[in-house]
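Enquirer: Curious how this folds, go ahead:
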Amino acid sequence: MIKLTLPPEPPELTANEATLTTRYKATGESVWKQEYITEALLKMSGGKCAYSEQPLNTQSNYMEVEHFRHKKMYPDDVVRWGNLLPSCKKCNTTKGEWDVEKEPIVNPLVDEPSEHLMVQAFRYYAKTPKGQNTIKAVALNDRQHFVTPRAKIAMKIADSLEELSDHIGELKQRHRQKIIAETIKSYLKECAMPDSPYSAVIATFLLHDWKNYPVMKQQLQSLNMWDEEFAAIENSLKRVAMPFSDITSED
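Expert: Below you'll find the predicted structure:
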């Protein structure tokens with residue numbers, strides 16, 4: 001989970017919020033299913049679920065509008081800007097009618113997730129009661145939906161980086177070494193982007209769980225290829241990553 005920044009409210013919502021809220025209270029209609037709402041939410045999260053970071057609007061996973069304060073308990077907030085989050089079906093369904101006022105969970109628009117959650121081996125662990133509630137409320141450690149997909153992507157990236165690292169050490173031509181170094185750089189840059197799938201977990205894995213990261217970095221340094229751009233990308237990885245947990249027991 002990463003921190004999100006709430007963009008300006010769509011002007012169409014500003015103009016229609018009162019009407020939509022009244023209509024929902026009278027009919028229960030899904031008034032939040034407006035293109036100007038869904039497009040703004042999807043752009044805000046970089047095309048990912050605000051909780052799990054699962055990519056949305058793929059063939060198998062379409063975006064649902066999640067009401068942080070549940071619409072049935074807090075109908076006045078049914079289309080209130082800042083109460084709506086882009087969510088995958090799993091997180092939205094699991095959260096259900098969870099009352100965030102009685103049992104607070106991390107709000108990625110307000111809270112810094114890294115203050116409440118830690119990561120190890122593709123699983124989330126709690127730093128605070130709010131973090132523990134979040135893991136439970138949106139099933140962050142569901143193996144089928146989240147843990148296994150995170151692991152598959154991360155291990156594929158790690159395997160590619162390891163192969164490149166091994167290859168660069170075998171080369172003697174400087175220009176070919178530079179080509180490999182740039183490819184490594186592109187992989188790390190992609191992982192450091194906040195809108196990459198599962199970016200918080202994968203960045204944490206590369207920096208803390210993947211034992212070959214320091215080996216690869218040292219190798220690039222020994223070849224005088226660890227430049228300012230590599231250092232900047234590493235800093236971006238650190239900003240995206242969650243705190244690393246040394247907890248070995250289950251939540």
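
Enquirer: and whichever helix in the chain runs longest, what other elements does it pack with?
Expert: Ordering each helix of the chain by length in residues (DSSP state H) puts helix 148-170 first. Contact partners of helix 148-170 among helices and strands, from 3 or more C-beta pairs under 8 Å, 6 or more residues apart in numbering; DSSP states H and E: helix 174-191, helix 199-204, helix 213-222. For glycine as for every other residue, the C-beta is placed from the backbone atoms N, C-alpha and C.

Enquirer: Between the ones you listed, which one is closest to residue 25.
Expert: Closest of the helices and strands packed on helix 148-170 to residue 25 is helix 199-204, at 36.8 Å (criterion: C-beta to C-beta).

Enquirer: Residue 127 and residue 157: what is the separation?
Expert: In this view, residue 127 and residue 157 are 26 Å apart by C-beta to C-beta, to the nearest Å.

Enquirer: same deal with residue 76?
Expert: Counting by C-beta to C-beta, the gap from residue 76 to residue 157 is 44 Å.

Enquirer: who has more neighbours, these two?
Expert: residue 157 (18 against 12; other C-beta atoms under 10 Å).

Enquirer: residues touching that one, list them.
Expert: 187, 191, 202, 206 (C-beta atoms under 8 Å, 6 or more residues apart in numbering).

Enquirer: Try it again at 7 Å.
Expert: Taking C-beta atoms under 7 Å, 6 or more residues apart in numbering, we find residue 157 in contact with 187, 191, 202.

Enquirer: So, low pLDDT: which residues of the stretch 101-250 of the chain?
Expert: Scanning the stretch 101-250 of the chain for pLDDT under 70 picks out 246-250.

Enquirer: quick one on the thing from earlier: point out the most buried one among the helices and strands packed on helix 148-170.
Expert: Highest mean neighbour count of the helices and strands packed on helix 148-170: helix 199-204, a mean of 27 (counted as mean count of other C-beta atoms under 10 Å).

Enquirer: Let me know whether residue 126 touches residue 132 as I believe.
Expert: Yes: the criterion here is C-beta atoms under 7 Å, and residue 126 meets it with residue 132 at 3.7 Å.

Enquirer: who touches stretch 190-208?
Expert: So stretch 190-208 is contacted by 1-2, 46-48, 53-55, 119, 122, 150, 153-154, 157, 213, 233, 236-238, 240-242, 244 (C-beta under 7 Å, 6+ apart).

Enquirer: Now, these that are in helices?
Expert: Checking these against DSSP H, those in helices are 150, 153-154, 157, 213, 233, 236-238, 240.

Enquirer: Buried among those? Make that a ChimeraX selection.
Expert: Only the buried entries of those go into this ChimeraX selection, using 16 or more other C-beta atoms under 10 Å:
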select :150,153,154,157,213,233,236,237,240
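
Enquirer: which one among the ones in helices among the contacts of stretch 190-208 gets closest to residue 172?
Expert: Nearest to residue 172 among these, with distances taken as C-beta to C-beta, is residue 213, at 24.7 Å.

Enquirer: contacting residues around that closest one?
Expert: 206-207.

Enquirer: Repeat the analysis, applying 6 Å as the threshold.
Expert: Residues near residue 213 by C-beta atoms under 6 Å, 6 or more residues apart in numbering: residue 206.
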